[in-house]
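Participant: please find the sequence and the predicted model below.
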Amino acid sequence: MKNILVLCTGNSCRSQIAHGWLNYYTDSSKIQIYSAGIEAHGLNKMAIETMSEIGIDISHQKSNLISDYDKIQFDFIITVCDNAKENCPVFHSKNSKKIHKNFSDPSKINGDINKIKNSFKKSRDEIRDFCKNFVIENLI
């Protein structure tokens, strides 16, 4: 069983979306996906809605703190924002591979609802492409 951690600042949007995509692209009998934040901001409702639009339900996921997983040996630690990369704690996983990709934070967008929704869709699709490539390059 391989363990993958997706880490973000608040574990509310980008890491939750990546968690959903990685669950979608991997076999849960061989891969365990975790997501966490430096802080726990709660699951963003727009992230849930955006993923639901394409048939992926992330509403059952929880917003976790990185300290919740300090005893788990991770094979991969994926940071999806610069803040998480810069503040990522040291893990005792000897051979964990660290991967970083900064995605813009759709929860920071202001404006009308269409502008906000489009920002979430853009992030969702960018994260999808990243996750799909990650699986192909590292797990297949």
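Facilitator: That came in fine, so what should we check first?
Participant: work out for me the element I4 sits within.
Facilitator: strand 2-8 (DSSP states H and E).
Participant: try S123
Facilitator: Assigned by DSSP H and E, S123 falls in helix 113-138.
Participant: same thing with S104?
Facilitator: Using DSSP H and E, no helix or strand contains S104.
Participant: relative to C81, how far out is it?
Facilitator: 9 Å (Cβ to Cβ, to the nearest Å). All C-beta spots, glycine's among them, are computed from the backbone N, C-alpha and C.
Participant: okay, these two: which has more neighbours?
Facilitator: Set S104 next to C81 and count neighbours by other Cβ atoms under 10 Å: C81 wins out with 23 against 13.
Participant: ok, now which ones touch the more buried one?
Facilitator: C8, T9, R14, N102, F103, D105 (Cβ atoms under 8 Å, 6 or more residues apart in numbering).
Participant: any of the residues you listed buried? List them.
Facilitator: C8, T9, R14, F103, D105 (16 or more other Cβ atoms under 10 Å).
Participant: looking at this protein, which helix or strand is least sure?
Facilitator: helix 82-87 (a mean of 75; mean pLDDT, DSSP states H and E).
Participant: list the buried residues in that one.
Facilitator: Buried residues in helix 82-87 (16+ other Cβ under 10 Å): N83, A84, K85.
Participant: do you know the pLDDT at the spatially most central residue of the chain?
Facilitator: Nearest to the mean C-alpha position of the chain, counting by Cα atoms, centre = their mean, stands S15 at 2.1 Å. We have a pLDDT of 97 for S15.
Participant: before I go, just wanted to say thanks for your time.
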